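Novice: Sequence first, predicted coordinates after that:
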Amino acid sequence: MFRKSFVAVIAATTLALTACGGGSDTGTSGGSGGGDDTITMGFAQVGAESGWRTANTKSIQEAAEAAGVDLKFSDAQQKQENQIKAIRSYIQQQVDVIAFSPVVESGWDTVLKEAKDANIPVILTDRAVDSADTSLYKTFLGSDFIEEGKKAGEWLVEDSASTEGPVNIVELQGTTGAAPAIDRKEGFEAAIAADPDLTIVESQTGDFTRSGGKQVMEAFLKNTPDIDVVYAHNDDMGLGAIEAIEAAGKVPGKDIKIITVDAVKDGMTALADGKINFIVECNPLLGEQLMDLAAKVVAGEEVPARVVTEETTFTPEQAKEVLASREY
Ligand code: AHR
């Protein structure tokens with residue numbers, strides 16, 4: 001196992017009788033001991049709220065196995081306190097590296113400082129934190145959520161160019177305080193500012209879940225008479241909105257246009273069927289890149305502070321072309 005710093009050895013002795021030893025190792029980061037070169041990674045996942053998340057978890061688990069990484073995995077059920085507990089437990093176990101996808105942006109400084117003091121490097125995957133001290137983590141691997149929101153808004157501006165009069169948009173936001181919810185809103189609003197006819201008339205969180213999207217959309221349909229467009233921060237909420245729109249006797253994709261983010265299989269199927277009008281891709285297959293970054297970080301090599309995932313967008317025609325070969 002990789003060498004522990006003096007601080008980490010002391011921490012192991014005092015904190016973790018359950019740690020696996022390995023006090024004679026000589027690497028640069030923390031380590032759970034065991035006398036071989038296997039990297040131990042503690043991964044604190046958000047939950048299983050969406051098709052995207054399921055694909056992301058699978059990608060991380062498969063990539064860890066392929067890379068021979070000993071993965072300790074926890075599911076926080078969308079609760080920050082559960083993620084903090086999981087990270088503290090990984091610190092106690094003296095894993096070599098901690099990776100996590102923060103449920104929300106704020107409130108991480110204390111636990112990240114604890115990891116830093118134990119000399120365990122941290123990699124942010126998928127979502128950012130708003131810590132002013134960027135030395136608390138080594139790198140951030142994931143999408144540019146502001147850009148995703150912009151792409152969604154730009155499509156709508158273009159699509160509405162030939163329409164006369166106001167366009168009423170309802171927005172299904174992701175989890176309150178989560179980076180993708182904050183950034184996708186910001187990017188979308190910036191893009192639609194180009195056309196004064198486009199207005200967000202209602203905006204509420206559906207917590208990135210299908211049931212949340214359905215419930216909030218039902219309320220929107222009751223309270224707001226003329227909805228032209230749904231902008232959902234992920235496919236699952238958009239799919240929930242489709243159920244609510246159909247139950248209200250309207251035709252999704254025609255009576256009410258729908259824009260979503262993710263491009264998971266269920267979303268792409270609805271897009272190909274014309275029930276969704278446009279999807280901005282958010283790629284969940286981060287596993288391989290994460291394992292590469294982890295190997296470098298544990299070996300003490302320099303890594304870029306930010307690794308942005310490459311993504312595209314899909315119209316219904318494009319969805320039909322790629323649907324059969326879609327991995328997730
Ligand atoms: O952080 C990525 C977002 O989280 C995905 O867009 C969404 O589906 C997931 O729950």
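Specialist: Looks like it came in fine. Numbers count the residues shown, from 1 in each chain.

Novice: okay, CA-based contacts and neighbour counts for the rest of this
Specialist: Noted.

Novice: do the strand or helix carrying residue 61 and the ligand meet?
Specialist: Following DSSP states H and E, one finds residue 61 within helix 51-67. Yes. Applying CA under 6 Å from any ligand atom, one finds helix 51-67 in contact with the ligand at 52-53.

Novice: And the next helix or strand past that helix?
Specialist: Next helix or strand after helix 51-67 toward the C-terminus (DSSP H and E): strand 70-75.

Novice: The helix or strand that comes right after that next one - what's its average pLDDT?
Specialist: The helix or strand immediately downstream of strand 70-75 is helix 80-92, counting by DSSP H and E. Across helix 80-92, the average pLDDT comes to 98.

Novice: just to revisit the earlier point, can you spell out which helices and strands pack onto the helix holding residue 61?
Specialist: strand 70-75, helix 287-298 (3 or more CA pairs under 8 Å, 6 or more residues apart in numbering; DSSP states H and E).

Novice: One more pass at 7 Å, please.
Specialist: Counting contacts by 3 or more CA pairs under 7 Å, 6 or more residues apart in numbering; DSSP states H and E, helix 51-67 packs against helix 287-298.

Novice: contact partners of whatever helix or strand comes next after the helix it packs on?
Specialist: Following helix 287-298 in sequence order, the next helix or strand is strand 306-308 (DSSP H and E). If you take CA atoms under 7 Å, 6 or more residues apart in numbering as the criterion, strand 306-308 is touched by 139-144.

Novice: one more time with 10 Å
Specialist: 124-126, 138-144, 289-290, 293 (CA atoms under 10 Å, 6 or more residues apart in numbering).

Novice: give me every residue that touches residue 239.
Specialist: Under the criterion of CA under 10 Å, 6+ apart, the neighbours of residue 239 are 209-211, 213-214, 232, 245, 252, 258, 260, 266-267, 270, 275-276.

Novice: which among these end up buried?
Specialist: Among the contacts of residue 239, those buried by neighbour count (16 or more other CA atoms under 10 Å) are 209-211, 213-214, 232, 245, 252, 258, 260, 267, 270, 275-276.

Novice: returning to what we had before: give me the subset of the contacts of residue 239 that lies in helices.
Specialist: 210-211, 213-214, 245, 266-267, 270 (DSSP state H).

Novice: In a markdown table, list these along with distance to residue 85.
Specialist: Below are the ones in helices among the contacts of residue 239 laid out as a markdown table (distance: CA to CA, whole Å):
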| residue | distance to residue 85 |
| --- | --- |
| 210 | 27 |
| 211 | 27 |
| 213 | 29 |
| 214 | 31 |
| 245 | 40 |
| 266 | 33 |
| 267 | 33 |
| 270 | 38 |
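
Novice: of the residues you listed, closest to residue 193?
Specialist: Of all the ones in helices among the contacts of residue 239, residue 193 sits closest to residue 213, with 24.7 Å by CA to CA.

Novice: From the ligand, how far off is the closest one?
Specialist: Remark: distance between residue 213 and the ligand (CA to the nearest ligand atom, to the nearest Å) = 12 Å.

Novice: Isn't that residue up against residue 175?
Specialist: No. Judged on CA atoms under 10 Å, residue 213 makes no contact with residue 175 at a distance of 11.2 Å.

Novice: Please enumerate the shared neighbours of those two.
Specialist: Joint contacts of residue 213 and residue 175 (CA under 10 Å, 6+ apart) are 204-207, 233.

Novice: which residues touch residue 46?
Specialist: The neighbours of residue 46, taking CA under 10 Å, 6+ apart as the test, are 53, 57, 74-80, 82-83, 100-104, 127.

Novice: Now the buried members of these.
Specialist: Buried subset of the contacts of residue 46 (neighbour count, 16+ other CA under 10 Å): 53, 57, 74-76, 78, 80, 82-83, 100-104, 127.
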